[in-house]
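K.L.:
sequence unknown, structure follows:
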Ligand SMILES: Nc1ncnc2c1ncn2[C@@H]1O[C@H](COP(=O)(O)OP(=O)(O)OP(=O)(O)O)[C@@H](O)[C@H]1O
Ligand SMILES: Cc1ncsc1CCO
Ligand SMILES: [Mg+2]
(Lines give C-alpha, C1' and ligand atoms only; values in the text may rest on other atoms or scores of the structure.)
(Ligands and ions follow the chains in the order given, each with its own letter.)
Protein backbone atom coordinates (compact mmCIF):
# COMPACT_ATOMS: atom_id res chain seq x y z
CA UNK A 1 0.00 0.00 0.00
CA UNK A 2 1.31 3.45 -0.89
CA UNK A 3 1.47 5.57 2.24
CA UNK A 4 3.37 8.48 0.75
CA UNK A 5 3.15 11.48 3.14
CA UNK A 6 1.22 9.34 5.58
CA UNK A 7 -1.87 9.42 3.35
CA UNK A 8 -3.38 6.09 2.46
CA UNK A 9 -3.24 5.10 -1.19
CA UNK A 10 -6.44 5.62 -3.13
CA UNK A 11 -6.51 2.78 -5.66
CA UNK A 12 -7.87 -0.44 -4.12
CA UNK A 13 -5.31 -3.24 -3.93
CA UNK A 14 -4.80 -4.88 -7.29
CA UNK A 15 -6.53 -2.12 -9.24
CA UNK A 16 -4.43 -0.57 -11.98
CA UNK A 17 -4.45 3.23 -11.59
CA UNK A 18 -6.36 5.07 -14.32
CA UNK A 19 -4.14 6.54 -17.05
CA UNK A 20 -3.73 10.31 -17.13
CA UNK A 21 -6.27 12.24 -19.20
CA UNK A 22 -5.24 12.69 -22.84
CA UNK A 23 -3.42 15.90 -23.54
CA UNK A 24 -5.44 18.80 -24.92
CA UNK A 25 -3.42 20.94 -27.37
CA UNK A 26 -2.77 24.46 -25.99
CA UNK A 27 -4.85 26.11 -28.74
CA UNK A 28 -7.94 24.03 -27.88
CA UNK A 29 -8.43 25.23 -24.30
CA UNK A 30 -10.60 28.23 -25.20
CA UNK A 31 -12.99 26.07 -27.20
CA UNK A 32 -13.10 23.48 -24.43
CA UNK A 33 -13.76 26.10 -21.74
CA UNK A 34 -16.63 27.58 -23.76
CA UNK A 35 -18.12 24.12 -24.25
CA UNK A 36 -18.03 23.47 -20.49
CA UNK A 37 -19.39 26.91 -19.61
CA UNK A 38 -22.31 26.36 -21.97
CA UNK A 39 -22.98 22.97 -20.37
CA UNK A 40 -22.94 24.58 -16.95
CA UNK A 41 -25.29 27.36 -18.03
CA UNK A 42 -27.77 24.93 -19.58
CA UNK A 43 -27.74 22.39 -16.73
CA UNK A 44 -27.56 24.79 -13.76
CA UNK A 45 -26.05 22.14 -11.46
CA UNK A 46 -26.91 22.19 -7.76
CA UNK A 47 -23.72 22.82 -5.78
CA UNK A 48 -23.74 22.31 -2.00
CA UNK A 49 -21.14 24.41 -0.20
CA UNK A 50 -20.11 23.76 3.38
CA UNK A 51 -17.85 26.73 3.71
CA UNK A 52 -16.49 29.45 5.94
CA UNK A 53 -18.64 32.39 7.01
CA UNK A 54 -16.39 34.90 5.21
CA UNK A 55 -16.79 33.32 1.80
CA UNK A 56 -20.48 32.44 1.61
CA UNK A 57 -21.72 35.52 -0.20
CA UNK A 58 -18.98 35.72 -2.84
CA UNK A 59 -19.05 31.97 -3.40
CA UNK A 60 -22.80 31.88 -3.94
CA UNK A 61 -22.72 34.89 -6.26
CA UNK A 62 -19.84 33.52 -8.35
CA UNK A 63 -21.72 30.23 -8.73
CA UNK A 64 -24.87 32.05 -9.79
CA UNK A 65 -22.98 34.24 -12.26
CA UNK A 66 -21.46 31.14 -13.85
CA UNK A 67 -24.88 29.52 -14.22
CA UNK A 68 -24.87 27.09 -11.27
CA UNK A 69 -27.31 26.86 -8.38
CA UNK A 70 -25.61 27.28 -4.98
CA UNK A 71 -26.92 25.96 -1.66
CA UNK A 72 -25.01 26.73 1.54
CA UNK A 73 -26.72 24.04 3.65
CA UNK A 74 -24.45 22.71 6.35
CA UNK A 75 -26.43 21.24 9.26
CA UNK A 76 -25.61 17.64 10.05
CA UNK A 77 -29.37 17.06 10.38
CA UNK A 78 -29.98 17.84 6.70
CA UNK A 79 -27.18 15.96 5.00
CA UNK A 80 -28.86 12.58 4.58
CA UNK A 81 -31.89 14.25 2.95
CA UNK A 82 -30.15 16.86 0.84
CA UNK A 83 -26.65 15.78 -0.18
CA UNK A 84 -27.57 12.68 -2.25
CA UNK A 85 -29.43 15.00 -4.65
CA UNK A 86 -26.69 17.57 -5.25
CA UNK A 87 -24.55 17.59 -8.40
CA UNK A 88 -21.34 18.37 -6.51
CA UNK A 89 -20.15 19.35 -3.06
CA UNK A 90 -17.59 21.97 -2.03
CA UNK A 91 -15.97 21.66 1.38
CA UNK A 92 -13.94 24.57 2.76
CA UNK A 93 -12.38 24.53 6.24
CA UNK A 94 -11.83 28.30 6.51
CA UNK A 95 -13.68 28.84 9.81
CA UNK A 96 -13.56 25.25 11.02
CA UNK A 97 -15.46 24.13 14.15
CA UNK A 98 -16.14 20.70 15.68
CA UNK A 99 -19.74 20.79 14.43
CA UNK A 100 -18.68 21.99 11.01
CA UNK A 101 -16.18 19.18 10.68
CA UNK A 102 -18.81 16.58 11.56
CA UNK A 103 -21.02 17.98 8.79
CA UNK A 104 -18.14 18.00 6.32
CA UNK A 105 -17.27 14.38 7.03
CA UNK A 106 -20.88 13.27 6.77
CA UNK A 107 -21.50 15.22 3.55
CA UNK A 108 -18.32 13.97 1.88
CA UNK A 109 -19.24 10.37 2.76
CA UNK A 110 -22.79 10.75 1.46
CA UNK A 111 -21.59 12.47 -1.72
CA UNK A 112 -19.04 9.73 -2.34
CA UNK A 113 -21.65 7.00 -1.79
CA UNK A 114 -24.06 8.76 -4.14
CA UNK A 115 -21.34 9.05 -6.81
CA UNK A 116 -21.25 12.85 -6.60
CA UNK A 117 -17.85 14.55 -6.92
CA UNK A 118 -16.64 16.76 -4.09
CA UNK A 119 -13.81 19.26 -3.82
CA UNK A 120 -11.69 20.31 -0.84
CA UNK A 121 -10.32 23.76 -0.04
CA UNK A 122 -7.77 23.25 2.78
CA UNK A 123 -7.77 26.86 4.00
CA UNK A 124 -4.88 27.67 6.35
CA UNK A 125 -4.18 23.96 6.84
CA UNK A 126 -0.86 24.72 8.55
CA UNK A 127 -2.42 27.05 11.12
CA UNK A 128 -3.28 24.29 13.63
CA UNK A 129 -3.11 20.57 14.26
CA UNK A 130 -6.92 20.59 14.28
CA UNK A 131 -7.00 21.76 10.66
CA UNK A 132 -4.27 19.44 9.47
CA UNK A 133 -5.89 16.39 11.05
CA UNK A 134 -9.29 17.41 9.70
CA UNK A 135 -7.90 17.67 6.17
CA UNK A 136 -5.99 14.39 6.36
CA UNK A 137 -9.20 12.68 7.50
CA UNK A 138 -11.18 14.29 4.69
CA UNK A 139 -8.62 13.10 2.13
CA UNK A 140 -9.60 9.53 2.99
CA UNK A 141 -13.09 10.34 1.72
CA UNK A 142 -11.65 10.85 -1.77
CA UNK A 143 -12.10 14.42 -2.99
CA UNK A 144 -12.11 14.68 -6.79
CA UNK A 145 -10.18 17.96 -6.62
CA UNK A 146 -8.12 19.80 -4.00
CA UNK A 147 -7.52 23.52 -4.62
CA UNK A 148 -5.37 25.64 -2.37
CA UNK A 149 -2.82 28.41 -2.47
CA UNK A 150 0.86 27.43 -2.55
CA UNK A 151 1.39 27.42 1.23
CA UNK A 152 -1.70 25.26 1.72
CA UNK A 153 -0.65 22.70 -0.90
CA UNK A 154 2.91 22.56 0.49
CA UNK A 155 1.53 21.94 3.99
CA UNK A 156 -1.06 19.36 3.03
CA UNK A 157 1.31 17.48 0.74
CA UNK A 158 3.84 17.11 3.55
CA UNK A 159 1.07 16.21 6.04
CA UNK A 160 2.85 18.54 8.45
CA UNK A 161 2.23 22.12 9.47
CA UNK A 162 4.82 24.12 7.57
CA UNK A 163 6.70 26.94 9.24
CA UNK A 164 6.38 30.54 8.00
CA UNK A 165 2.75 29.95 7.09
CA UNK A 166 0.76 33.11 7.64
CA UNK A 167 -2.86 32.08 8.04
CA UNK A 168 -5.24 32.08 5.10
CA UNK A 169 -2.91 33.93 2.71
CA UNK A 170 0.00 32.33 0.90
CA UNK A 171 3.61 33.06 1.74
CA UNK A 172 4.86 31.06 -1.27
CA UNK A 173 4.65 31.31 -5.06
CA UNK A 174 2.50 28.76 -6.90
CA UNK A 175 5.52 27.46 -8.85
CA UNK A 176 7.16 26.48 -5.52
CA UNK A 177 4.30 24.04 -4.87
CA UNK A 178 4.11 22.20 -8.20
CA UNK A 179 6.12 19.17 -7.10
CA UNK A 180 4.14 19.04 -3.83
CA UNK A 181 0.92 19.21 -5.85
CA UNK A 182 2.00 16.26 -7.99
CA UNK A 183 2.91 14.24 -4.92
CA UNK A 184 -0.40 15.11 -3.21
CA UNK A 185 -2.29 14.18 -6.35
CA UNK A 186 -0.63 10.78 -6.53
CA UNK A 187 -1.16 10.00 -2.86
CA UNK A 188 -4.76 11.23 -2.68
CA UNK A 189 -6.00 10.33 -6.15
CA UNK A 190 -7.37 13.88 -6.53
CA UNK A 191 -6.64 16.48 -9.16
CA UNK A 192 -4.65 19.15 -7.32
CA UNK A 193 -4.72 22.85 -8.22
CA UNK A 194 -2.35 25.46 -6.80
CA UNK A 195 -3.58 29.02 -7.28
CA UNK A 196 -1.41 32.10 -7.70
CA UNK A 197 -0.11 34.40 -10.44
CA UNK A 198 -0.10 31.24 -12.54
CA UNK A 199 -2.46 28.48 -11.45
CA UNK A 200 -1.04 24.96 -11.80
CA UNK A 201 -3.27 21.93 -12.15
CA UNK A 202 -2.06 18.34 -12.02
CA UNK A 203 -3.24 14.76 -11.98
CA UNK A 204 0.13 13.68 -10.61
CA UNK A 205 1.62 13.25 -14.10
CA UNK A 206 0.51 16.03 -16.43
CA UNK A 207 0.86 19.64 -15.25
CA UNK A 208 -1.14 22.42 -16.88
CA UNK A 209 -0.69 26.14 -16.18
CA UNK A 210 -3.41 28.80 -16.32
CA UNK A 211 -2.15 32.35 -16.57
CA UNK A 212 -5.37 34.35 -16.49
CA UNK A 213 -6.20 36.60 -13.53
CA UNK A 214 -5.14 39.88 -11.92
CA UNK A 215 -3.03 40.42 -8.81
CA UNK A 216 -5.76 42.52 -7.20
CA UNK A 217 -7.73 39.31 -6.64
CA UNK A 218 -5.52 38.86 -3.58
CA UNK A 219 -7.03 42.04 -2.10
CA UNK A 220 -10.55 40.58 -2.13
CA UNK A 221 -11.20 38.03 0.56
CA UNK A 222 -12.41 34.59 -0.47
CA UNK A 223 -11.64 34.73 -4.20
CA UNK A 224 -9.79 31.43 -3.74
CA UNK A 225 -12.78 29.96 -1.90
CA UNK A 226 -15.07 31.14 -4.70
CA UNK A 227 -12.93 29.63 -7.45
CA UNK A 228 -12.88 26.30 -5.59
CA UNK A 229 -16.69 26.30 -5.65
CA UNK A 230 -16.55 27.12 -9.36
CA UNK A 231 -14.32 24.08 -9.84
CA UNK A 232 -17.01 21.97 -8.12
CA UNK A 233 -19.57 23.29 -10.60
CA UNK A 234 -17.33 22.54 -13.59
CA UNK A 235 -16.48 19.00 -12.51
CA UNK A 236 -20.16 18.30 -11.92
CA UNK A 237 -20.79 18.77 -15.65
CA UNK A 238 -17.58 16.99 -16.77
CA UNK A 239 -16.66 14.49 -14.03
CA UNK A 240 -14.61 12.25 -16.32
CA UNK A 241 -12.27 15.08 -17.34
CA UNK A 242 -11.63 16.63 -13.95
CA UNK A 243 -8.22 18.06 -14.87
CA UNK A 244 -9.65 19.89 -17.87
CA UNK A 245 -12.73 21.03 -15.95
CA UNK A 246 -10.55 22.36 -13.12
CA UNK A 247 -8.21 24.25 -15.46
CA UNK A 248 -11.19 25.71 -17.35
CA UNK A 249 -12.85 26.90 -14.11
CA UNK A 250 -9.67 28.61 -12.90
CA UNK A 251 -9.03 30.20 -16.25
CA UNK A 252 -12.61 31.42 -16.73
CA UNK A 253 -12.52 32.98 -13.26
CA UNK A 254 -9.23 34.68 -14.23
CA UNK A 255 -10.68 35.96 -17.52
CA UNK A 256 -13.69 37.40 -15.64
CA UNK A 257 -11.25 39.13 -13.27
CA UNK A 258 -9.27 40.59 -16.19
CA UNK A 259 -12.45 41.95 -17.76
CA UNK A 260 -13.64 43.24 -14.39
CA UNK A 261 -10.31 44.98 -13.82
CA UNK A 262 -10.87 47.08 -16.96
CA UNK A 263 -13.84 48.72 -15.18
CA UNK A 264 -12.68 48.58 -11.56
CA UNK A 265 -11.09 51.31 -9.46
CA UNK A 266 -10.16 49.06 -6.51
CA UNK A 267 -10.92 45.72 -4.84
CA UNK A 268 -14.53 46.48 -3.97
CA UNK A 269 -15.47 47.49 -7.51
CA UNK A 270 -13.41 44.60 -8.93
CA UNK A 271 -15.54 42.21 -6.87
CA UNK A 272 -18.68 43.65 -8.45
CA UNK A 273 -17.31 43.83 -12.01
CA UNK A 274 -15.87 40.31 -11.79
CA UNK A 275 -19.33 38.92 -11.05
CA UNK A 276 -20.87 40.97 -13.89
CA UNK A 277 -18.13 39.86 -16.31
CA UNK A 278 -18.57 36.20 -15.43
CA UNK A 279 -22.31 36.49 -15.96
CA UNK A 280 -21.87 38.15 -19.37
CA UNK A 281 -18.90 36.17 -20.67
CA UNK A 282 -19.20 35.28 -24.37
CA UNK A 283 -17.38 32.85 -26.62
CA UNK A 284 -15.30 35.35 -28.56
CA UNK A 285 -13.91 37.07 -25.45
CA UNK A 286 -13.29 33.81 -23.63
CA UNK A 287 -11.50 32.13 -26.52
CA UNK A 288 -9.34 35.16 -27.28
CA UNK A 289 -8.35 35.68 -23.61
CA UNK A 290 -7.76 32.16 -22.34
CA UNK A 291 -4.14 31.45 -21.55
CA UNK A 292 -3.75 27.81 -20.58
CA UNK A 293 -0.66 25.79 -21.47
CA UNK A 294 0.87 22.41 -20.91
CA UNK A 295 3.83 22.54 -18.49
CA UNK A 296 4.85 18.88 -18.47
N1 LIG B 1 -0.55 37.44 -8.47
C2 LIG B 1 -1.68 37.03 -9.04
N3 LIG B 1 -1.95 37.39 -10.31
C4 LIG B 1 -3.08 37.00 -10.92
N5 LIG B 1 -4.04 36.23 -10.32
C6 LIG B 1 -3.82 35.83 -9.05
C7 LIG B 1 -2.64 36.21 -8.35
N8 LIG B 1 -2.69 35.66 -7.12
C9 LIG B 1 -3.85 34.98 -7.04
N10 LIG B 1 -4.52 35.08 -8.21
C11 LIG B 1 -5.83 34.50 -8.50
O12 LIG B 1 -6.67 34.83 -7.40
C13 LIG B 1 -7.56 33.75 -7.11
C14 LIG B 1 -7.41 33.35 -5.65
O15 LIG B 1 -6.18 32.71 -5.50
P16 LIG B 1 -5.35 32.78 -4.14
O17 LIG B 1 -4.11 31.99 -4.37
O18 LIG B 1 -5.19 34.18 -3.70
O19 LIG B 1 -6.33 31.96 -3.22
P20 LIG B 1 -6.48 31.90 -1.64
O21 LIG B 1 -5.20 32.34 -1.00
O22 LIG B 1 -6.98 30.57 -1.29
O23 LIG B 1 -7.63 32.98 -1.41
P24 LIG B 1 -8.73 33.08 -0.23
O25 LIG B 1 -8.22 32.26 0.90
O26 LIG B 1 -8.81 34.55 0.06
O27 LIG B 1 -10.00 32.55 -0.76
C28 LIG B 1 -7.23 32.64 -8.09
O29 LIG B 1 -8.16 32.70 -9.16
C30 LIG B 1 -5.83 32.99 -8.59
O31 LIG B 1 -5.62 32.58 -9.92
C1 LIG C 1 -10.21 35.68 6.07
C2 LIG C 1 -10.62 34.29 6.32
N3 LIG C 1 -10.48 33.71 7.56
C4 LIG C 1 -10.90 32.45 7.61
S5 LIG C 1 -11.50 31.90 6.12
C6 LIG C 1 -11.21 33.41 5.39
C7 LIG C 1 -11.54 33.67 3.96
C8 LIG C 1 -10.38 33.52 3.06
O9 LIG C 1 -9.87 32.24 3.01
MG1 LIG D 1 -7.92 29.99 0.47
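P.N.:
Received, thanks. Just so we're clear, the structure is a prediction, and the values are computed from it rather than from any experiment. Ligands and ions are numbered 1, 2, ... in the order given.

K.L.:
Tell me the spatial nearest neighbour of the one residue in the chain that gets nearest to ligand 2, not counting adjacent residues.
P.N.:
Residue nearest to ligand 2 within the chain: residue 94 (2.8 Å; Cβ to the nearest ligand atom). Yep, even glycine has a C-beta here, placed from its N, CA and C like the rest. For residue 94, ignoring the flanking residues on the chain, the nearest one in space by Cβ to Cβ, 6 or more residues apart in numbering is residue 52 at 2.7 Å.

K.L.:
Over to the one you found: give its phi and psi.
P.N.:
Here is the backbone geometry of residue 52 (degrees, to the nearest 10): phi -80, psi 160.

K.L.:
Any idea how many residues pack against it?
P.N.:
Close neighbours of residue 52, defined as other Cβ atoms under 10 Å, add up to 21.

K.L.:
give the contact list for whichever residue of the chain sits closest to ligand 3.
P.N.:
For the chain, the residue closest to ligand 3 is residue 224, as judged by Cβ to the ion, at 3.6 Å. By Cβ atoms under 8 Å, 6 or more residues apart in numbering, the contact list for residue 224 reads 121, 123, 147, 148, 149, 195.

K.L.:
For the first one, give me phi and psi.
P.N.:
Right, residue 121. According to degrees, to the nearest 10, residue 121 has phi -110, psi 100.

K.L.:
any idea how far stretch 117-135 is from the chain center?
P.N.:
Counting by Cα atoms, centre = their mean, to the nearest Å, stretch 117-135 is centred 13 Å from the centre of its parent chain.

K.L.:
Is there contact, residue-wise, from that stretch to ligand 2?
P.N.:
Yes - using Cβ under 6 Å from any ligand atom, stretch 117-135 reaches ligand 2 at residue 123.

K.L.:
for that stretch, how far is the first residue from the last?
P.N.:
17 Å (Cα to Cα, to the nearest Å).

K.L.:
Buried residues in that stretch, which are they?
P.N.:
Within stretch 117-135, the residues scored as buried using 16 or more other Cβ atoms under 10 Å are 117-127, 131-132, 134-135.

K.L.:
Kindly report the same for stretch 254-266.
P.N.:
Residues of stretch 254-266 classed as buried by neighbour count (16+ other Cβ under 10 Å): 254, 255, 256, 257, 258, 259, 260, 261, 264.

K.L.:
I'd guessed the fourth one sits against residue 210; true?
P.N.:
No - between residue 257 and residue 210 there is no contact, the gap being 11.9 Å when judged by Cβ atoms under 8 Å.
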